[in-house]
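S.K.: need the 3D shape of this:
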Amino acid sequence: MLKQKVLVMLTALLILAVPVSAQEEVVDLEEVVVTASRYEESIMDTPVSIEVIDQEEIEGSNAQNVAELLDAYTGVYIKDNGSQVGTKSVKIRGASSDQVLVLFDGVPYNDNHNGGLDLSIISAANIEKIEIIKGPASVIYGANAMGGVVNIITKNIEDISVTKLDLGLGSENTNTYQLSHNEKIDDFGIYLSYLDKSSDTYLEESNFDQENVFLKINNNISKYSDITFTFNNNISDKVINNLDQNDEEQNLSLSWKRQTEAIETNFRIYKNDRQREYPSSNSLHEKDQSGFILNNINYLDNHTFNYGVEIKRDEVKSTDIENGNKENTNKALFVKDNWNFNSELDLIFAARYDDHEEYESNLSPQAAINYNLNKNYKTFISYSEAFRAPTFDDLYGVYAANPAWHYPGFEGNPDLEAEESDNYEIGLKFNSVIGKGSVSYFYREVTNLITNDYSVSPNTMKNIDDKSEFKGIELNIDNQLTRKLSSSFNYTYLDSQDNNGDRIAGNPYHNAKISLKYKKDEKTFFVSGKLISDNIDGFSGTEMPSYFVVDSSINVPINIINQKIDLLFSINNLFNKDYEVVDGYPMPGRNFMVNLSTKF
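M.R.: As a prediction, this is how the structure comes out:
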């Protein structure tokens, strides 16, 4: 209780400390996002905490996959099992990966077998930007968005004809090759990309190979409407301690958009097919997900009114699931009204009704207020409810024991109840002479939290009785220190406890990141640091040592035979720090990567 009062007081002081009356002259560089409401709006006008990773940040980073991109942002914690072959999953404000919805161009992308997603096999290539909602979004997206949303938005088709070649070479015999082409002819546009990546990794008898083909086709069929087709085919083969893991997936979506000054309509159908095989144990998982989303936005004088319908069907065929085959369907209606009450005040009311085939119906409401303190500072208060149904694995998974790995086996729990949460947040967003960023206090109360039960053999899943609490404070600020030098800093304090007041493992108290970027002409020098402190491993219960890791990179253009080539040289773990994110899985020591890219 004392910690909660301190956090609330600290947040209030930070909010009240800003100069409300001062009208500071700053350049308006407001970012536009689509994830918060399923339509375009300024990031300053959303009643949620949201951050954007834009194209410049993606191209200038040394990230090889989505996990490495996300890891630099506020409230995000990557559960990293080490090396290229280790699983990397996202947590946001203590919400586990199966409580965080990952979207691929607005389409659900989570693995429908276990609810999570291995972000290590999603390349950073072909991404235009990523939008991160920190906090529940079930009111718009349903069950999996209980803890947050990560929307991966793929490359836009440019109005030019251009081919791009990217080559990479790094430690542990890491090699990357990507060839992409963009073409625009009148109203027809196409983007096609091929990626090949391999690495031996620093672990014995382990390696990683990946091939990806991505295609996007767009056609403007009239002045007001267009149609887009997207195809993504990914094959990744991992050898982990001489054991094979083979993954294949295909993602297809077809979307139609019609927009006039007053009305916008979006319709999207999609199909995701995944297969994972462990040949040594004759284990095979085939996963199918399909559905459609229809939403309509009316832009009225003082209201932006959004409503829609979504239907999603999930099916899993697995050698490690009860009876070998499970499926269900979820149907949903959602509605949201953003009422511009006056020039200072916006009132937001929203609700989503889900009808789950197995867990019946659920209503997820939201009420929020956006208030303009002045043109540089906006504050918001939000309340929402959210839920998450157990996954097929939670309910029906059956995995044999492996004495060699000291693994007691696993059996699902068909008596699990759905998780439900009440969520509160108060925050301030600013874009002023002190910088651009936000500060917020959040509180999430979860009933029937689903967690692993390691006290029995075989292991299983269980609901935590009564209520679990997740609360904390976040601060992020970007500042242009000089014309050439910029900085970024973010910090998250997170306190998570079950109904007995015991700490929920896997959620560090302190998560801080800082970076400096110096840009002169076309040369960029970048250094970043990450501090993780006071954490308990979710499996072993071990108190994990704190660590501070520094990465650096240099990006310079060079000319070879009149051809401009961008050279990116990066060193990760610059000071060769020994550390672990997950107990028993050492992270890589100092390693480097050289990337060359050119357009023609």
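
S.K.: quick one, phi psi at the nearest residue to D583 once chain neighbours are set aside?
M.R.: Nearest non-adjacent residue to D583, counting by C-beta to C-beta, 6 or more residues apart in numbering: D537, 3.9 Å away. To be clear about C-beta, it is placed using only N, CA and C from the backbone, and glycine gets the same treatment. When read as degrees, to the nearest 10, the backbone of D537 gives phi -70, psi 140.

S.K.: likewise for the one 4 residues further on?
M.R.: G541 adopts backbone torsions of phi 80, psi 10, taken as degrees, to the nearest 10.

S.K.: nearest residue to it other than its sequence neighbours?
M.R.: In space, G541 is closest to A505, 6.3 Å off (C-beta to C-beta, 6+ apart).

S.K.: I'd guessed G148 sits against A137; true?
M.R.: Yes: using C-beta atoms under 8 Å, G148 is in contact with A137, at 6.9 Å.

S.K.: residues contacting the residue nearest to D583?
M.R.: Counting by C-beta atoms under 8 Å, 6 or more residues apart in numbering, D537 touches 505-506, 543-544, 582-583.

S.K.: report the buried residues of stretch 387-399.
M.R.: 387-399 (16 or more other C-beta atoms under 10 Å).

S.K.: so how far is that stretch from its chain's centroid?
M.R.: 21 Å (C-alpha atoms, centre = their mean, to the nearest Å).

S.K.: extract the C-alpha trace of it and format it as CSV.
M.R.: Taking C-alpha atoms only, stretch 387-399 is exported to CSV below (Å, rounded to 0.1, in the frame of the first residue of the first chain):
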residue,chain,number,x,y,z
PHE,A,387,-10.1,-10.6,-20.4
ARG,A,388,-8.1,-13.5,-21.8
ALA,A,389,-9.3,-17.0,-22.5
PRO,A,390,-6.9,-19.9,-21.8
THR,A,391,-4.9,-21.2,-24.8
PHE,A,392,-5.2,-24.7,-26.3
ASP,A,393,-1.9,-25.5,-24.6
ASP,A,394,-3.1,-24.2,-21.2
LEU,A,395,-6.1,-26.4,-21.4
TYR,A,396,-5.2,-29.6,-23.4
GLY,A,397,-1.4,-29.7,-23.8
VAL,A,398,0.3,-33.1,-23.1
TYR,A,399,4.1,-33.2,-23.1
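
S.K.: quick one on the thing from earlier: quick check: neighbours shared by G148 and A137?
M.R.: Joint contacts of G148 and A137 (C-beta under 8 Å, 6+ apart) are L101.

S.K.: the two: who's more crowded?
M.R.: A137 (29 against 26; other C-beta atoms under 10 Å).

S.K.: and the pLDDT at the nearest residue to that one once chain neighbours are set aside?
M.R.: Among residues not flanking A137 along the chain, A145 sits closest, at 4.0 Å (C-beta to C-beta, 6+ apart). For A145, the pLDDT comes out at 93.

S.K.: and the gap between A145 and S97?
M.R.: 12 Å (C-beta to C-beta, to the nearest Å).

S.K.: which of these two has more neighbours?
M.R.: Each of A145 and S97 has its neighbours counted (other C-beta under 10 Å); A145 has more, 30 against 25.

S.K.: and that one, helix, strand or coil?
M.R.: Three-state assignment for A145 (DSSP: H, G, I helix; E, B strand; the rest coil): helix.

S.K.: ok, it touching A386?
M.R.: Yes: A145 is within contact range of A386, at 7.1 Å (criterion: C-beta under 8 Å).

S.K.: common neighbours of these two, please.
M.R.: Common neighbours of A145 and A386 (C-beta under 8 Å, 6+ apart) are 136-138.

S.K.: identify those among these that sit within strands.
M.R.: Using DSSP state E, the subset of the shared contacts of A145 and A386 located in strands is empty.

S.K.: nearest to I185, of these?
M.R.: Nearest to I185 out of these is A137 (C-beta to C-beta; 37.9 Å).

S.K.: check contacts around that closest one.
M.R.: Contacts of A137 by C-beta under 8 Å, 6+ apart are 35-36, 48, 101, 145, 148-149, 386.

S.K.: now tabulate the contacts of D537 in CSV and tack on pLDDT and neighbour count.
M.R.: Output for the contacts of D537, formatted as CSV (pLDDT from 0 to 100; neighbours: other C-beta atoms under 10 Å):
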residue, pLDDT, neighbour count
A505, 92, 18
G506, 92, 19
E543, 94, 12
M544, 95, 20
V582, 92, 20
D583, 92, 15
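
S.K.: could those go into JSON lines alongside secondary structure and distance to N272?
M.R.: Output for the contacts of D537, formatted as JSON lines (DSSP: H, G, I helix; E, B strand; the rest coil; distance: C-beta to C-beta, whole Å):
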{"residue": "A505", "secondary structure": "coil", "distance to N272": "31"}
{"residue": "G506", "secondary structure": "coil", "distance to N272": "27"}
{"residue": "E543", "secondary structure": "strand", "distance to N272": "39"}
{"residue": "M544", "secondary structure": "strand", "distance to N272": "34"}
{"residue": "V582", "secondary structure": "strand", "distance to N272": "27"}
{"residue": "D583", "secondary structure": "coil", "distance to N272": "32"}
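
S.K.: which of the residues you listed sit farthest apart?
M.R.: Of all pairs in the contacts of D537, the most separated under C-beta to C-beta is E543 and V582 at 13.5 Å.

S.K.: picking that back up, mind checking how far the residue nearest to A137 is from G115?
M.R.: In terms of C-beta to C-beta, A145 sits 12 Å off from G115.

S.K.: sorry, back to before: so of the contacts of A137, which ones are in strands?
M.R.: 101, 148-149, 386.

S.K.: helices - which of the shared contacts of A145 and A386 land there?
M.R.: S138 (DSSP state H).

S.K.: burial count for S343?
M.R.: Around S343 there are 7 residues (other C-beta under 10 Å).

S.K.: I'd say it and N372 touch.
M.R.: Yes: contact criterion C-beta under 8 Å: S343 and N372 qualify, at 7.2 Å.

S.K.: could you give the mean pLDDT of the helix or strand where N479 lies?
M.R.: N479 belongs to strand 467-480 when assigned by DSSP states H and E. Averaged across strand 467-480, pLDDT comes to 96.

S.K.: same question for stretch 245-261.
M.R.: Here the average pLDDT along stretch 245-261 is 95.

S.K.: quick one: distance of that stretch to the chain centre.
M.R.: 17 Å.

S.K.: so which bits of that stretch are buried?
M.R.: 245-249, 251-255, 258-259.

S.K.: please flag which of those sit within strands.
M.R.: Those of the buried residues of stretch 245-261 lying in strands (DSSP E): 245-249, 251-255, 258-259.

S.K.: possible to save the shared contacts of A145 and A386 as JSON lines with pLDDT and distance to V446?
M.R.: Converted to JSON lines, the shared contacts of A145 and A386 look like this (pLDDT from 0 to 100; distance: C-beta to C-beta, whole Å):
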{"residue": "P136", "pLDDT": "92", "distance to V446": "10"}
{"residue": "A137", "pLDDT": "92", "distance to V446": "15"}
{"residue": "S138", "pLDDT": "91", "distance to V446": "12"}
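
S.K.: out of the shared contacts of A145 and A386, who's nearest S570?
M.R.: Among the shared contacts of A145 and A386, and counting by C-beta to C-beta, the member closest to S570 is A137, at 32.9 Å.

S.K.: got the phi/psi numbers for that closest one?
M.R.: Here A137 shows phi and psi, under degrees, to the nearest 10, equal to phi -140, psi 30.

S.K.: now do T542
M.R.: According to degrees, to the nearest 10, T542 has phi -70, psi 140.

S.K.: give the contact list for it.
M.R.: 536, 583.

S.K.: sheet partners, orientation included, of the helix or strand containing G437?
M.R.: Of the helices and strands defined by DSSP H and E, G437 is found in strand 435-447. The pairing partners recorded for strand 435-447 under DSSP bridges are strand 419-432 (antiparallel), strand 467-480 (antiparallel).
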